[in-house]
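# Could you work out the structure for the sequence below:
(chains A and B)
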Amino acid sequence: MPTPIDHTTPLYMVIGMFVLFILGGLTHKLRKHPENYGFGGSYTGWLGSGAAIASNWMSAASIMGLAGIFYVKGYYALAFVIGWTGGYILLLLLMASQIRRFGKFTAPDFVGFRYESETARTIAALISITISIIYCVAQYRGIALLVAWIFGIDYRSALLLGAAITIGLIVIYGALGVARNQKLQYFVLITAFIVPLMYLNQQLGYFWILPQFGYGKAMVDLQQHFGFFWAEPFTTVSIYHWLALCFTLIFGTCGLPHVLSRFYLTPRMRDARWGVVLGLFFISLIYWSAPAYGVLTRLLDAYSGAPFKVADPATADMVIVYAATQAGLPEYLVGLLVAGGMAAAFYAISGLLQSGSATFAYDIYPRILRPNATEQNKLLMAKAFFLLLSAVVLLLSFLDIGMIAEITAIAFALAGNTIFPAFLLGIWWSRANAAGVISGMLAGIFITFSSLLLGDFIPIVKTVFPITSSAFLGAPLVIIIMIIVSRATAAPSPATVSFLIQDVHDAGGSQ
Amino acid sequence: MSEHNQQNLPPSINFFKPRKGTMAKEVKLILLLLIPCILAVFVCQFGIFLLLKTEWGMLLDEIIIFNLPVSYWVTGQLLPLWFILVGVAFNIWLDRNENRHVEAIRYRAKGRSKEEMS
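Next up is the predicted model:
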């Protein structure tokens, strides 16, 4: 059990971190460009672009979820590390530059423009909103666990309180016109994550200067002194499931609307490209460190006499905090971790809810529900949908769906089965058309949820398309469907083909 | 595809049949970098999996690199580092080409609209 500590200091740390970010946002130059809100970063070259990508990416899944899943499932969690880093390299190689040249601001915009179909655009918008909802559920879980710990209340009460705080803060942010200072945010969050880990390594007598390497000795100690081999490769899941999760996350990263948005606004292409690589390094710093919390908590468990206890998924997402309290870290360091987790989850929710409501207000409402809507109507609808979306996320959060990383993986699976194939073929195959992408996205939605819909009747569906890992086979299947349907139906307009040849791929000269 | 055949077909974009010139070069580079990345993931995991089935599997615990068992180090640390290096190589290639072909549209921030095209 965690050592009881006074939770007042962590509470002050949380408040302090949010005040710092609000002040940082108020003084930030992007405040002058509110149209970039939600996507914007500090465009001071590679560093700004990289920090913006990394801070956009960091959520409760990175800060809390990965350590938690590592604590429970050992080596399996490394599929998240490879999936979440490998996805960026696929994005860089295949899509980043090309997406930028399309000059569209959202995934539905891209789909509607490339495939010249309002139906495809609407489906893409609904998928984007669903992805936002699933992703937010994972973030709310993180916030609720932290709020429950700070105030010593039960999970459900903490969920309500956490949601109220989150919505309240977003309203305050909106009222003050605060733009995110993403460089400041990234460097504060990475410090909040790594400094306690260094201290933790030092407390336990391991190499602390680079705790990403130091914790390895703890794994050896767990095996040699306690006979504890939970972290052996492929003991908790099969190699198929490992690879399925890994590639689902890789494909999903390339299809997540808020990840893709990063490439629309960076003014210089070179900064965008190098920003991806630097952002990947910044993200890797988190992923090289997160497993350490899982291992060290296992070691602390072992020292406390419970080395083989079955990890409780309900509390495993809190291992970063438990590790810190069990090792007797100073309250301010525990507070730093809690504040980092809260801030990461909050900014992820804030961005996702805002982009989700904007997608509804600008991609669905004026085109389907009210064609004559004015800008004022759209703004009002964005606010109303924001509240509706918040309520839906809150209701879903009451369901005990799974651990933070697992819930997040479902969002990646949906993105990998739908948006990723639409972008990939949209960029690299000019024959892909509206009928193809509509069939593909609908098939992708079905594949993502097939284990829930059919798993009880056809058990193999659960094995082939696990709910968290369906895009490994799902994305290639969707691509095949898109190719077959596109081939069987009319080709895209000459204007689209010409645009792809001359403006996206610069192949016009070779004709 | 030969130059003659390409000229006879209606213009199109296909990753597996890149148009000659800059696109063909870029596709070649993408394949050159992407295939090793995918293979690295598959080969490492299948290697670890198969090794565990043999008596050599003990080596995975015994070989320690940077304090970590080799399977952990390769999967958890080396592969992400490999991805970063691949990204650096790709960007360096694009930067070099950017300097050589400053007029090329692929290095512009964004393309024209379809309306501007027509």
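# Would you mind measuring from the residue most central in space within chain B to chain A?
For chain B, residue B:34 is the residue whose C-alpha lies nearest the centre (C-alpha atoms, centre = their mean; 2.3 Å). In this view, residue B:34 and chain A are 6 Å apart by C-beta to the nearest C-beta, to the nearest Å. In short, each C-beta sits where N, CA and C put it, glycine included.
# Can you tell me the closest non-neighbouring residue to that residue?
Excluding the flanking residues, the one nearest residue B:34 by C-beta to C-beta, 6 or more residues apart in numbering or on different chains is residue A:93, at 5.5 Å.
# which secondary structure elements does the helix or strand where that neighbour lies contact?
Using DSSP states H and E, residue A:93 falls within helix A:78-94. Here helix A:78-94 touches helix A:66-73, helix A:239-255, helix A:257-260, helix A:269-303, helix A:404-417, helix A:419-428, helix B:22-52, helix B:79-100, going by 3 or more C-beta pairs under 8 Å, 6 or more residues apart in numbering or on different chains; DSSP states H and E.
# Just the buried residues of the last one, please?
Along helix B:79-100, the positions that meet the burial threshold by neighbour count (16 or more other C-beta atoms under 10 Å in any protein chain shown) are B:79-80, B:82-84, B:86-87, B:90-91, B:94, B:97-98.
# And for the fourth one?
In terms of neighbour count (16+ other C-beta under 10 Å), helix A:269-303 has its buried residues at A:269-302.
# ditto for the second one
Applying a neighbour-count criterion of 16+ other C-beta under 10 Å, the buried positions in helix A:239-255 are A:239, A:241-255.
# and chain B, which of the residues you listed reach it?
Of the residues in the buried residues of helix A:239-255, proximity to chain B by C-beta under 8 Å from any C-beta of the partner chain holds for A:239, A:242-243, A:246-247.
# would TSV of those with distance to residue A:383 and pLDDT be doable?
Formatted as TSV, those follow (distance: C-beta to C-beta, whole Å; pLDDT from 0 to 100):
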residue	distance to residue A:383	pLDDT
A:239	48	93
A:242	43	95
A:243	43	95
A:246	39	96
A:247	38	96
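# List just the nearest of these to chain B.
Chain B lies nearest to residue A:239 out of those, by C-beta to the nearest C-beta, at 4.7 Å.
# That closest one touches residue B:46, doesn't it?
Yes: using C-beta atoms under 8 Å, residue A:239 is in contact with residue B:46, at 7.1 Å.
# so which residue of the stretch 251-400 of chain A comes closest to chain B?
For the stretch 251-400 of chain A, C-beta to the nearest C-beta, closest residue to chain B: residue A:277, 3.9 Å.
# From what I see, that residue and residue A:91 are in contact.
No: Residue A:277 is not in contact with residue A:91 according to C-beta under 8 Å; the separation is 11.1 Å.
# can you give me phi and psi for the residue of the stretch 101-250 of chain A found nearest chain B?
Closest to chain B within the stretch 101-250 of chain A is residue A:216: 3.1 Å, counting by C-beta to the nearest C-beta. When read as degrees, to the nearest 10, the backbone of residue A:216 gives phi -60, psi -40.
# same thing with residue B:14?
phi -150, psi 120.
# The strand or helix carrying residue A:164 packs against which elements?
Assigned by DSSP H and E, residue A:164 falls within helix A:155-176. Judged by 3+ C-beta pairs under 8 Å, 6+ apart, helix A:155-176 is in contact with helix A:8-26, helix A:118-151, helix A:331-359, helix A:375-397.
# What is the subsequent helix or strand relative to it?
helix A:182-203.
# does chain B sit close to that following helix?
No: Helix A:182-203 stays clear of chain B (C-beta under 8 Å from any C-beta), getting no nearer than 10.5 Å.
# helices or strands up against the following helix or strand past that helix?
As assigned by DSSP H and E, the chain's next helix or strand after helix A:182-203 is helix A:211-214. For helix A:211-214, the elements it packs on are helix A:182-203, helix A:269-303, judged by 3+ C-beta pairs under 8 Å, 6+ apart.
# What residues does residue A:383 make contact with?
Applying C-beta atoms under 8 Å, 6 or more residues apart in numbering or on different chains, we find residue A:383 in contact with residue A:357.
# any idea which of the buried residues of helix B:79-100 is least confident?
Within the buried residues of helix B:79-100, pLDDT reaches its minimum at residue B:98, with 70.
# so it sits right up against residue A:270, yeah?
Yes: counting by C-beta under 8 Å, residue B:98 does reach residue A:270; the two are 7.1 Å apart.
# Now do the same contact list for the residue of the stretch 251-400 of chain A closest to chain B.
Shown in contact with residue A:277 (C-beta under 8 Å, 6+ apart): A:50, A:92, B:84, B:87-88, B:91.
# can you rerun that using 7 Å?
By C-beta atoms under 7 Å, 6 or more residues apart in numbering or on different chains, the residues touching residue A:277 are B:84, B:87-88, B:91.
# go on, residue A:139?
Residue A:139 neighbours (C-beta under 7 Å, 6+ apart): A:59-60, A:345, A:348-349.
# can you pull the contacts of residue A:284?
The neighbourhood of residue A:284, defined by C-beta under 7 Å, 6+ apart, consists of A:85, B:80, B:84.
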